[in-house]
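> just coords:
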DNA sequence: CCGATGACATGAAGCGGTTAAGTAAGTTGC
DNA sequence: GCAACTTACTTAACCGCTTCATGTCATCGG
């Protein structure tokens, strides 16, 4: 296996200095068009590839971005969201010859630690920050370290970080409006992790909508997104004195669990109970009855996020990118209130 | 933002040369215990982190491994397997300060291309190869390029690459044995992508088991793991002249789809039809009836794979690592044959 | 015809480590 | 008491690329 070619090899073949080669390969001024073409041709011919290590040492970009996920594996596995999101991110990154560093960590501290390390080792050009929780220290930490970051979620006040978000509140509104329209007055919400910012946004939107429509009852139960807690929450709601006629869930797995619980309690869906899932996937389709869900293009969401990251590291462009609001897809699990 | 500390900073504070610092930090001989301790203390105090770039330029490892997944996003999203596997991989890698580069590609050619790039740019120390298909060129390509690789699947003849695998054939045997024991004589198999090696292994095992038990019928239908094809395959099997009394599926989503189809055809599960899922997850638990499944510790599978990779790059250790065979977890979807 | 201006290219200094080779002590053996 | 090692460290070259200061022409305005 022969030594891999370097710009010095190209330089000697082209009869120029390595500096000229560097300028040519990076499309910077300082070389004539003729020389540039010659250099590019030689580079291609001898199969030259830049050494990321050398580039990063010389202070330039490393063409890699980090994504840290702080959720337990079993939750991550059951949530189609993440893989679809990653897939969207990847499609944009790989088209731009940028690598994705993925790290799954058990908790918030580990997430901070991971960012510190990556940055200290100059492994990444920036990070994608997902699953922000209330009082999340990460944006501040990143700003302090000077790590370029894109926030997936509501833009932070006071920090000039680009953010990519979708209007969860509007989506929740559309669900409540829909349920109210078909006659429901007792609507419950089974929420995800209460510490997550988007859970709080949704819960606030839900409560505001309940207020607006003057619902008879609008209880909110928090869970950790798992089937167990979804089932438990549902059981509690359905055995309460003031049983809801419709329940919305923050993901699809819990909505599926709800179907089980309803069956177990001999409550028929959708005749006696309507169910809405907060995420859409094949899971909702495959059930009996199929589940009404909030759907959005998650792959696109990931792609926009990656693009925002590239824009940020390329020319420091920040800004807020809003993605389309999720739309309600009515299926067989919702019907007029009993 | 102060400049990050380098070994030169440590050296000047400790009053030694950078060479000595390097030896000390890497646990190599050439420095006294006292000096070493002093250096380590200073390094810790000033928060020194090695620069991967500098290290890798100096010819050492880059502490990163690649994982390339060649499946469509929607399949990846619905298969808890991948995230769990990645989670296992990650746990071992991050404990060893090694990064995971993830790339999702649309097809096989793109996968090859991705490896070439990563390797050419010296971004990775090695790759994890999953989802081998029949006549897969990747092991040969990797051997040719000299990329350290760990095969997730059956070891390749003729190539000295470490492999981590589980005995799918034995798992399939246990399923068929179980079904035969409770009286089934017409058992069908709804397989995953026929091009994948492990699908072929399982199908062969299934057919051998059918032969051994002299089953009345043992049809095999291929799918792409999606709900749609799983449902379609089930429909075809259940409306055929020689309707099976038990069907096994290569993942859990298709088994869930089967429940739907059975319901649609008014075939009761498990009285008239038994269903077995090839992967276990919360999905199987949450159904009505809950689904009998083959379960295995996927996180552990990923962890072993990562460990094999680390062993390989550390000291060239190859070898075959076998993980525990999946075990059958009987639930409510299987019962004695009608 | 001269000095100023650009365009193009060179040379060399870093970036932050690793490591072979060199050196100055202290230790050992006989 | 001296050669032969060992130990503990230093020195400096090197990895591949970027970039700034510098240099050399050809061209142009006056």
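It's in. Everything numeric in this text was worked out from a predicted model, so none of it was measured.

> What strand or helix carries residue A:29?
In this assignment (DSSP states H and E), residue A:29 forms part of neither any helix nor any strand.

> So, low pLDDT: which residues of chain A?
Along chain A, segments meeting pLDDT under 70 span A:1-3.

> In it, what residue lies closest to DNA strand C?
residue A:19 (3.0 Å; C-beta to the nearest atom of the strand). From N, CA and C alone the C-beta is placed, and that goes for glycine too.

> Quick check: the gap between that residue and DNA strand D.
Noted for residue A:19: a distance of 3 Å to DNA strand D, by C-beta to the nearest atom of the strand, to the nearest Å.

> Also residue A:271?
66 Å.

> Surely that residue touches residue A:338?
Yes. In terms of C-beta atoms under 8 Å, residue A:271 counts as a neighbour of residue A:338; the distance is 6.4 Å.

> Do the host helix or strand of residue A:53 and chain B come into contact?
Per DSSP H and E: residue A:53 is located in helix A:52-57. Yes. Using C-beta under 8 Å from any C-beta of the partner chain, helix A:52-57 reaches chain B at A:52, A:53, A:54, A:55, A:56, A:57.

> Check those residues and tell me the two furthest apart.
A:52 and A:57 (9.5 Å; C-beta to C-beta).

> Give me the more crowded residue out of those two.
residue A:52 (26 against 18; other C-beta atoms under 10 Å in any protein chain shown).

> Contact partners for the residue lying closest to the more buried one once chain neighbours are set aside?
Nearest residue to residue A:52 in three dimensions, chain neighbours excluded: residue B:121, at 4.9 Å (C-beta to C-beta, 6 or more residues apart in numbering or on different chains). Residue B:121 makes contact with A:49, A:50, A:51, A:52, according to C-beta atoms under 8 Å, 6 or more residues apart in numbering or on different chains.

> Quickly note the distance from the residue nearest to residue A:197 when sequence neighbours are not counted to residue A:111.
Among residues not flanking residue A:197 along the chain, residue A:132 sits closest, at 4.5 Å (C-beta to C-beta, 6+ apart). Per C-beta to C-beta, to the nearest Å, residue A:132 is found 11 Å from residue A:111.

> what's the answer for residue A:273, then?
38 Å.

> Using the record's assignment, carve chain A into domains.
A:7-50, A:64-166+A:298-324, A:168-295 (automatic domain parsing).

> So which of those domains is nearest residue B:247?
Closest among those, using C-beta to C-beta: domain A:168-295, at 15.7 Å.

> and that closest one, how far from the chain's centre?
22 Å (C-alpha atoms, centre = their mean, to the nearest Å).

> do the same with stretch A:155-173
With C-alpha atoms, centre = their mean, you get 12 Å for stretch A:155-173.

> Pull out the buried positions in it.
A:155-156, A:161-169, A:171-173 (16 or more other C-beta atoms under 10 Å in any protein chain shown).

> could you redo the residues you listed as TSV and give each row distance to residue B:242 and secondary structure?
What follows is those, written out as TSV (distance: C-beta to C-beta, whole Å; DSSP: H, G, I helix; E, B strand; the rest coil):
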residue	distance to residue B:242	secondary structure
A:155	61	coil
A:156	63	coil
A:161	63	coil
A:162	60	coil
A:163	59	strand
A:164	54	strand
A:165	55	strand
A:166	50	strand
A:167	54	coil
A:168	51	helix
A:169	55	helix
A:171	49	helix
A:172	51	helix
A:173	53	helix
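
> Which of those sits closest to residue A:75?
residue A:168 (18.8 Å).

> tell me the contacts of residue A:9?
A:46, A:48.

> now the helix or strand where residue A:94 lies against helix B:80-95, angle please.
Using DSSP H and E, residue A:94 sits in helix A:80-95. Angle of helix A:80-95 versus helix B:80-95, following axes from the mean of the first three to the mean of the last three C-alpha atoms, to 10 degrees, is 60 degrees.

> contacting residues around the helix or strand following helix A:80-95?
Proceeding N to C from helix A:80-95, the next assigned helix or strand is strand A:99-104, under DSSP H and E. The list of residues contacting strand A:99-104 from outside it, by C-beta under 8 Å, 6+ apart, reads A:63-71, A:73, A:76, A:86, A:89-90, A:93, A:114, A:118, A:123-124, B:64, B:86-87, B:90-91, B:94, B:99-103, B:118, B:123.

> Common neighbours of residue A:52 and residue A:57, please.
Joint contacts of residue A:52 and residue A:57 (C-beta under 8 Å, 6+ apart) are residue B:53.

> Please list all residues in contact with residue A:140.
Contacts of residue A:140 by C-beta under 8 Å, 6+ apart are residue A:159.

> Report the separation between it and residue A:116.
Using C-beta to C-beta, residue A:140 is found at 13 Å from residue A:116.

> before we move on, what about residue A:128?
16 Å.

> Could you do residue A:232 as well?
Distance from residue A:232 to residue A:116, by C-beta to C-beta: 37 Å.

> now swap in residue A:217 and tell me
Relative to residue A:116, and taking C-beta to C-beta, residue A:217 is found at 46 Å.

> picking up where we left off before, which strands and helices sit next to the helix holding residue A:94?
Contacts defined by 3 or more C-beta pairs under 8 Å, 6 or more residues apart in numbering or on different chains; DSSP states H and E place helix A:80-95 against strand A:64-69, strand A:99-104, helix A:298-315, helix B:73-78, helix B:80-95, strand B:99-104.

> where's residue A:272, which helix or strand?
Judged by DSSP H and E, residue A:272 forms part of no helix or strand.

> Looking at residue A:128 and residue A:116, which has the bigger crowd around it?
Using other C-beta under 10 Å as the criterion, residue A:128 and residue A:116 rank with residue A:128 on top: 25 against 15.

> Can you check my assumption that the more buried one lies in a helix?
No. If the criterion is DSSP: H, G, I helix; E, B strand; the rest coil, then residue A:128 is strand and not within a helix.

> So it sits against residue A:64, correct?
No. Look at residue A:128 against residue A:64 with C-beta under 8 Å: they stay out of range, at 11.7 Å.

> a strand runs through residue A:50, doesn't it?
No. Read with three-state DSSP, residue A:50 is coil and lies in no strand.

> Next, it: phi, psi?
With angles defined as degrees, to the nearest 10, residue A:50 sits at phi -70, psi 150.

> What count of nearby residues applies to it?
19.

> Kindly report the same for residue A:176.
Count around residue A:176 with other C-beta under 10 Å applied: 25.

> Then residue A:11?
Neighbours around residue A:11, by other C-beta under 10 Å: 19.

> Equivalent analysis for the one 10 residues further on, please.
Residue A:21 has 27 neighbouring residues, counting by other C-beta under 10 Å.

> any idea how far residue A:14 is from it?
7 Å.

> Touching both of the two, which residues are there?
Joint contacts of residue A:21 and residue A:14 (C-beta under 8 Å, 6+ apart) are residue A:39.
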